[in-house]
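Participant: predicted model follows, preceded by the sequence.
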Amino acid sequence: MKLYNTLTRQKDEFVPVEPGKVGIYTCGPTVYMFAHVGNFRAYVFSDTLRRVMDYLGYQVKHVMNVTDVGHLTSDEDTGEDKLEKGARQEGKTPQEIARFYEKVFFDDAARLNILTPHIVCRATDHIPDMIELVRRIEANGFAYRTSVGLIFDTGKYPEYAALSRLNLAEQQAGARTTVDPERRNPSDFALWITNQPKHLMQWDSPWGRGFPGWHLECSAMSIKYLGERFDIHTGGIDHVPVHHTNERAQNFAATGKEVVVRWMHNAFLVINDTRMGKSEGNLVTISELEKLGVAPLDFRYLCHTALYRMPLSYTAESLKSARNSLRGLVDFGRNAQVWPVKDPAWTEPFQREFKEAVADDLNIPQALAAAWNIVREGNQRQDRTAWAALLDFDRVLGLGLERLVGATPGIPDQVAELVAAREAARKSKDWAESDRLRDRIGELGFVVEDTPQGARVKPRP
RNA sequence: GGCGGCUUAGCCAAGCAGUAAGGCAGCGGUCUGCAAAACCGCUACACUCGGGUGCAAAUCCCGAAGCCGCCUCCA
């Protein structure tokens, strides 16, 4: 299979570190506020990556962090911790805040059929691992002290700019932040932050009481769970220049190796020609999506309509399109599941197309096209083989088609009575009464469809 | 100022050198008491614009325009 690598800026053949296995580390949520649909595009992406790897027969180990400390509100290594700010605003402890939003995150993820990573690790549970990693970094001569704490010396790592292809000489250092005169290089960042007495979450360390820099947790935990050389690290494209660049530098400083073989980054969800972000004030959560009449899985389908590396338009129209598409797939399943199996082989070319598409840097749009071709031809053939193929595809798509098809919403007794009455009216060809009853059923929020097998009722779309 | 991305039908979006996937919407038809649902069919002589290199370019190169992201926290 081929996968894009941010480091090399090209698609190349995936060769696992250990044959038959793949280790994936995903930059997880900072749990101090609700995650929005833009965030979730990233997790649909990493989930899809995991599912594709599994589909192609790899033994997957998927690790994701939960950031519950150390993520400051500014990058000056002196600002307020996000968790603590949230706690102060809501009158709770940082841990209460973190656990609350962590739970909401995983509840939302579950509604998107995002599989829980095999290992979910909280930063605060790994402080000793982080301290140990910093010891190694310091022992290897990559750190120095300032009044802020222990600082990473990016000047010691010639490869520092490679991941994001930074032009450090031309970068306008401190263009939007104040320059710390104690730093040797503008890009240097804090490994361990001390002298912040107002900070609630503090731990003892060889460098004094304090707390870890943001980038540290991902280095420490990815190495702990996946080893000093692992296959894939995922995250949003915004993490390339700072977070992942620094992580990579830490990894090298501690181990002397290129720890991450392949970096993969998803592009943003674009809403009204701008990104979705807190400062943009255009956040939409999964719950709010449902208020708009859009199911979480409709959103998952939307994510599948574009390549993960391309910006995806999030509009009322694109959402509606995704919702209708998913309904189409489900409606097909309702019909197809009762057809006989006629020719078990005709879907094979499409299945091959599907597999090739997902193995080509996760080209889900192309894979989806194969699925729809099966739908069209399946309809013509009236062959359940089509449905079996779609259920196989769903191992990658994660739309839960089988469950969606099986889901039969409850029909209120009142509606059932009206339907029965209408059936009687139709039998006696009393069309006026029949139509009146259909309108009445419609007012109650249901649609009745006449089929050869009798009336079928479902909630109005 | 630096780095990067995008521009394909009404909308979303694949394709990345061999003559435009797929979905949504729309239109026509079959079915139906009428509908709905479902199904069948149709819908870009063309890929922002201008040059260039190829037998061949949406696809490669150069240039222009528009839009966007990152270099503050951010998926």
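Facilitator: Received it, and whenever you're ready, just let me know what you need. Just so it is clear, the structure is predicted and the values come from calculations on it, not from any experiment.

Participant: all helices of the stretch 351-461 of chain A, in order?
Facilitator: Here the stretch 351-461 of chain A has its helices, by DSSP state H, counting those that start in this stretch, at A:364-381, A:385-397, A:401-406, A:413-427, A:431-443.

Participant: got TSV for the ones you listed, with mean pLDDT and distance to residue A:183 too?
Facilitator: Where C-beta positions appear, they are placed from N, C-alpha and C, glycine not excepted. Output for those, formatted as TSV (pLDDT from 0 to 100; distance: least, CB to CB, whole Å):
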stretch	mean pLDDT	distance to residue A:183
helix A:364-381	94	43
helix A:385-397	96	46
helix A:401-406	89	54
helix A:413-427	88	69
helix A:431-443	89	68
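
Participant: for the residue in chain A positioned nearest to RNA strand B, which non-adjacent residue is closest in space?
Facilitator: Among the residues of chain A, residue A:236 lies closest to RNA strand B, at 0.9 Å counting by CB to the nearest atom of the strand. Sequence neighbours aside, residue A:42 is the residue nearest to residue A:236 in space, at 4.9 Å (criterion: CB to CB, 6 or more residues apart in numbering).

Participant: now swap in residue A:292 and tell me
Facilitator: residue A:319 (7.5 Å).

Participant: right, and that neighbour touches residue A:299 too?
Facilitator: Yes. Assessed by CB atoms under 8 Å, residue A:319 is found in contact with residue A:299 at 7.2 Å.

Participant: which residues do these two both contact?
Facilitator: Shared contacts of residue A:319 and residue A:299 (CB atoms under 8 Å, 6 or more residues apart in numbering): residue A:289.

Participant: and those two? Which one has more around it.
Facilitator: Taking other CB atoms under 10 Å, residue A:319 and residue A:299 do not tie; residue A:299 has more neighbours (26 against 21).

Participant: identify the residues contacting the more buried one.
Facilitator: A:37, A:40, A:112, A:286, A:289, A:319, A:322.

Participant: so it: helix, strand or coil?
Facilitator: helix (DSSP: H, G, I helix; E, B strand; the rest coil).

Participant: from residue A:286, how far off is it?
Facilitator: Distance of residue A:299 to residue A:286, computed by CB to CB, to the nearest Å: 7 Å.

Participant: which neighbours do these two share?
Facilitator: Joint contacts of residue A:299 and residue A:286 (CB under 8 Å, 6+ apart) are A:37, A:40, A:112.

Participant: pull the number of nearby residues for the second one.
Facilitator: What it means is residue A:40. 27.

Participant: beyond the helix or strand containing it, next helix or strand please.
Facilitator: Using DSSP states H and E, residue A:40 maps to helix A:37-55. Heading C-terminal from helix A:37-55, the first helix or strand you meet, by DSSP H and E, is strand A:59-66.

Participant: which residues of chain A score low on pLDDT?
Facilitator: Chain A contains residues with pLDDT under 70 at A:70-81, A:83, A:167-179, A:272-273, A:278-281, A:408-409, A:453, A:461.

Participant: can you give me the domain assignment for it?
Facilitator: A:2-266, A:271-406, A:413-459 (automatic domain parsing).

Participant: can you give me the end-to-end span of the longest one?
Facilitator: Spelled out, that is domain A:2-266. This stretch, domain A:2-266, spans 16 Å end to end (CA to CA, to the nearest Å).

Participant: neighbours around the residue of chain A closest to RNA strand B, how many?
Facilitator: 19.

Participant: was I right to think it contacts residue A:43?
Facilitator: No. At 10.0 Å, residue A:236 does not count as touching residue A:43 under the criterion of CB under 8 Å.

Participant: next, count neighbours for residue A:91.
Facilitator: 8.

Participant: on that earlier part again, any chance of the shared contacts of residue A:299 and residue A:286 in a markdown table, with distance to residue A:145 too?
Facilitator: Shown next, in a markdown table, are these (distance: CB to CB, whole Å):
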| residue | distance to residue A:145 |
| --- | --- |
| A:37 | 42 |
| A:40 | 40 |
| A:112 | 44 |
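
Participant: which of these lies closest to residue A:101?
Facilitator: residue A:40 (13.7 Å; CB to CB).

Participant: ok, and the closest non-adjacent residue to that closest one?
Facilitator: Nearest to residue A:40 is residue A:112, by CB to CB, 6+ apart, at 6.1 Å.

Participant: how close does that neighbour sit to residue A:303?
Facilitator: Counting by CB to CB, the gap from residue A:112 to residue A:303 is 9 Å.

Participant: alpha carbons only: can I get stretch A:41-56 in PDB?
Facilitator: The C-alpha coordinates for stretch A:41-56 follow below in PDB (Å, rounded to 0.1, in the frame of the first residue of the first chain):
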ATOM      1  CA  ARG A  41     -12.600  15.100  11.100                       C
ATOM      2  CA  ALA A  42      -9.100  14.300  12.500                       C
ATOM      3  CA  TYR A  43     -10.300  11.400  14.500                       C
ATOM      4  CA  VAL A  44     -12.500  10.000  11.700                       C
ATOM      5  CA  PHE A  45      -9.300  10.100   9.700                       C
ATOM      6  CA  SER A  46      -7.100   8.200  12.200                       C
ATOM      7  CA  ASP A  47     -10.000   5.800  12.700                       C
ATOM      8  CA  THR A  48     -10.200   5.200   9.000                       C
ATOM      9  CA  LEU A  49      -6.500   4.600   8.800                       C
ATOM     10  CA  ARG A  50      -6.700   2.100  11.600                       C
ATOM     11  CA  ARG A  51      -9.700   0.300   9.900                       C
ATOM     12  CA  VAL A  52      -7.900   0.300   6.500                       C
ATOM     13  CA  MET A  53      -4.800  -1.300   8.100                       C
ATOM     14  CA  ASP A  54      -7.000  -3.900   9.700                       C
ATOM     15  CA  TYR A  55      -8.800  -4.500   6.500                       C
ATOM     16  CA  LEU A  56      -5.600  -5.100   4.700                       C
END
